[in-house]
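Undergrad: could you work out the structure for the sequence below:
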Amino acid sequence: MGSDSLSIVDNRTGQKYEIPIVDGTIRAIDLRAIKKDKEDFGLLTYDPALLNTATAKSAITFLDGEKGILRYRGYPIEQLAEHSTFMETAYLLIFGQLPTTPQLEQWEWDISHHSLLHTNMQKLIESFRHSAHPMSVFIGAMSALGSLYPDARDASCVECRLLQAQRIIAKVPTIGAFTYRLNMGWPMNYPDDELGYVGNYLRMMFKMTEHKYVPNPVLERALNVLFILHADHEQNCSTSAMRFIGSSHADPYSSLAGAAAALYGPLHGGANEAVLLMLEQVGSVKNVPAYIDKVKKGEAKLMGFGHRVYRNFDPRGKIIKALAYDVFKEMGANPLLEIALELERIALSDEYFISRKLYPNVDFYSGLIYQAMKLPTNIFTVMFAIPRSVGWIAQWMEMMRDEDLKIVRPRQIYIGEAAREYVPIGSRKA
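TA: Residues are numbered from 1 along each chain as shown. Sure thing, here's the model as predicted:
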């Protein structure tokens, strides 16, 4: 075998094995050949949380955490945030190329004409308590949505898969807006085909009694950028959930409901909500040093700093920080901004945080922007789920084309009791 291989000597047997290296990886199944004897099952890899295991081959998102690089289909996130729109970026993620003008116009038309919800869905959303957490409503509605489209169960149909993608991308902002209106106790606003994707979402959220709602261009641009930044992020927890569920050929609505449930967790999509709660807990700039001391002692957490993947800086965080000032200028400064800036200043200059590579991530400023837009904190994760649905469905479609696709079935290391004999209940000891 050539130099692109790994030589392994099993010291139990003295046997030598050559494992091929492809794209910087070895196939875990190749380790099964390493056995102590014929009765041995073969070696497994033990990797809790899959910290060093590739579960997919993907051409969608490239991420280099050491260098702080994020690209969609090869395009730097900085360029997309500056020049693109969310609809154009969504097309890129789904089809792999930036659209021409006719392609983009057709794509926007296709999406807008799927944005209405069946009245059964509206009734379902309205059946939740007005105080229900928006993500609970979002997950329930997304799961139920699949019942309206039985053709979605045919995962082998290429045309059906694209149709489901269009439906999902079109309907998630409607579900999100209806959920927000339910929480606020306001009547629902229906989509308006004259507006773009983001402008229409703002209208469904915020239109009150005015005859014609005109989206604030600053907020529309800000939300476009935020949606672009949140559209995909490689094989994170929720995306892996989408792929894992989808590997059984479950319909994409059920798979996406599972992905949204993973996103619901405070360690994932709920992180920007946690940042706001932390800033409110700090209370004022003068309390920042004391809070920093608590963090160093392990008595508190610095939310919105650090990332599982990024070991230098989160490129999305830099973009959002600049975007935040545009929103604050339009909507008025967020009173928590001074606290956030002071926390950031100290963290970026304190060796404790520098040595641990704790830099502001995408969640640190996004919550401040949403709060400046007068959104309640419990809707923040839905604001994340709407654009991430594009990434989820793009990953699902890519997985369905993968020749290596099999239903996910991880192994385990059994640490329980050995074989035992059943004891009648009258003979058992406490």
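
Undergrad: residues contacting the nearest residue to residue 294 once chain neighbours are set aside?
TA: Using C-beta to C-beta, 6 or more residues apart in numbering and skipping the chain neighbours, the partner closest in space to residue 294 is residue 300 (3.9 Å). Any C-beta I mention is one placed from the backbone N, CA and C, and that applies to glycine too. Neighbour list for residue 300: 278, 291, 294 [criterion: C-beta atoms under 8 Å, 6 or more residues apart in numbering].

Undergrad: the first one: which element?
TA: Read that as residue 278. Per DSSP states H and E: residue 278 is located in helix 271-282.

Undergrad: ok, the second one next?
TA: Taking DSSP H and E as the criterion, residue 291 maps to helix 288-296.

Undergrad: angle of the very next helix or strand once past that helix against helix 271-282?
TA: Note on helix 288-296: by DSSP H and E, the next helix or strand toward the C-terminus is helix 315-331. Calculated by axes from the mean of the first three to the mean of the last three C-alpha atoms, to 10 degrees, helix 315-331 forms an angle of 60 degrees with helix 271-282.

Undergrad: what is helix 315-331 packed up against?
TA: strand 69-72, helix 77-83, helix 217-230, helix 362-372 (3 or more C-beta pairs under 8 Å, 6 or more residues apart in numbering; DSSP states H and E).

Undergrad: please point out which parts of it sit buried.
TA: 315-321, 323-324, 327, 331 (16 or more other C-beta atoms under 10 Å).

Undergrad: now stretch 116-123
TA: So stretch 116-123, judged by 16+ other C-beta under 10 Å, has buried residues 117, 121-122.

Undergrad: tell me the span between the first and last residue of stretch 405-420.
TA: 38 Å (C-alpha to C-alpha, to the nearest Å).

Undergrad: how about that stretch: buried residues?
TA: residue 405.

Undergrad: ok, residues contacting that stretch?
TA: 44, 46, 55, 243-244, 247-248, 399.

Undergrad: restricted to strands, list those.
TA: Among the contacts of stretch 405-420, DSSP state E puts none in strands.

Undergrad: quick check, nearest of these to residue 129?
TA: Nearest to residue 129 among those: residue 244, at 30.7 Å, using C-beta to C-beta.

Undergrad: tell me who's in contact with the closest one.
TA: Contacts of residue 244 by C-beta under 8 Å, 6+ apart are 258, 408.

Undergrad: please repeat the previous calculation with a cut-off of 7 Å.
TA: Shown in contact with residue 244 (C-beta atoms under 7 Å, 6 or more residues apart in numbering): residue 408.

Undergrad: repeat for residue 326
TA: With C-beta under 7 Å, 6+ apart, residue 326 has these contacts: 218, 222.

Undergrad: one more pass at 6 Å, please.
TA: For residue 326, the contact set (C-beta atoms under 6 Å, 6 or more residues apart in numbering) comprises residue 218.

Undergrad: so how far is residue 393 from it?
TA: The gap separating residue 326 from residue 393 is 30 Å, by C-beta to C-beta, to the nearest Å.

Undergrad: cool, residue 78 as well?
TA: In terms of C-beta to C-beta, residue 78 sits 24 Å off from residue 393.

Undergrad: thinking again about what came up before, tell me the buried residues in the helix holding residue 278?
TA: Within helix 271-282, the residues that qualify as buried are 271-276, 278-279, 282, counting by 16+ other C-beta under 10 Å.

Undergrad: cool, and stretch 298-311?
TA: For stretch 298-311, by 16+ other C-beta under 10 Å, it's 300, 302-307, 309-310.

Undergrad: residues contacting stretch 153-167, please?
TA: Under C-beta under 6 Å, 6+ apart, the answer for stretch 153-167 is 110-111, 114, 151-152, 249, 251-252, 393, 397, 400.

Undergrad: include distance to residue 183 when you put those into a markdown table, please.
TA: Shown next, in a markdown table, are the contacts of stretch 153-167 (distance: C-beta to C-beta, whole Å):
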| residue | distance to residue 183 |
| --- | --- |
| 110 | 30 |
| 111 | 25 |
| 114 | 24 |
| 151 | 32 |
| 152 | 28 |
| 249 | 35 |
| 251 | 28 |
| 252 | 26 |
| 393 | 26 |
| 397 | 32 |
| 400 | 35 |
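
Undergrad: so which of those belong to helices?
TA: Counting by DSSP state H, those place 110-111, 252, 393, 397, 400 in helices.

Undergrad: Throw the buried residues of helix 315-331 into a markdown table and include pLDDT and distance to residue 28, thanks.
TA: Below are the buried residues of helix 315-331 laid out as a markdown table (pLDDT from 0 to 100; distance: C-beta to C-beta, whole Å):
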| residue | pLDDT | distance to residue 28 |
| --- | --- | --- |
| 315 | 88 | 31 |
| 316 | 89 | 31 |
| 317 | 85 | 34 |
| 318 | 85 | 36 |
| 319 | 92 | 36 |
| 320 | 90 | 37 |
| 321 | 86 | 40 |
| 323 | 90 | 41 |
| 324 | 89 | 43 |
| 327 | 93 | 46 |
| 331 | 91 | 50 |
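
Undergrad: circling back to that earlier point, give me the distance between the residue nearest to residue 294 and residue 343.
TA: Distance, residue 300 to residue 343, by C-beta to C-beta: 11 Å.

Undergrad: next: residue 172.
TA: 32 Å.

Undergrad: go on, residue 309?
TA: 22 Å.

Undergrad: likewise for residue 368?
TA: According to C-beta to C-beta, residue 368 stands 12 Å off from residue 343.

Undergrad: just to revisit the earlier point, out of the helices and strands packed on helix 315-331, which is the most enclosed?
TA: helix 362-372 (a mean of 26; mean count of other C-beta atoms under 10 Å).

Undergrad: output it in PDB with nothing but the alpha carbons.
TA: Output of helix 362-372 as PDB, limited to C-alpha atoms (Å, rounded to 0.1, in the frame of the first residue of the first chain):
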ATOM      1  CA  VAL A 362     -22.500  34.700  16.600                       C
ATOM      2  CA  ASP A 363     -24.800  34.600  19.600                       C
ATOM      3  CA  PHE A 364     -23.200  37.500  21.500                       C
ATOM      4  CA  TYR A 365     -24.600  40.300  19.400                       C
ATOM      5  CA  SER A 366     -27.500  38.700  17.600                       C
ATOM      6  CA  GLY A 367     -29.700  38.700  20.700                       C
ATOM      7  CA  LEU A 368     -29.000  42.400  21.200                       C
ATOM      8  CA  ILE A 369     -30.200  43.100  17.600                       C
ATOM      9  CA  TYR A 370     -33.400  41.100  18.100                       C
ATOM     10  CA  GLN A 371     -34.100  42.900  21.400                       C
ATOM     11  CA  ALA A 372     -33.600  46.300  19.600                       C
END
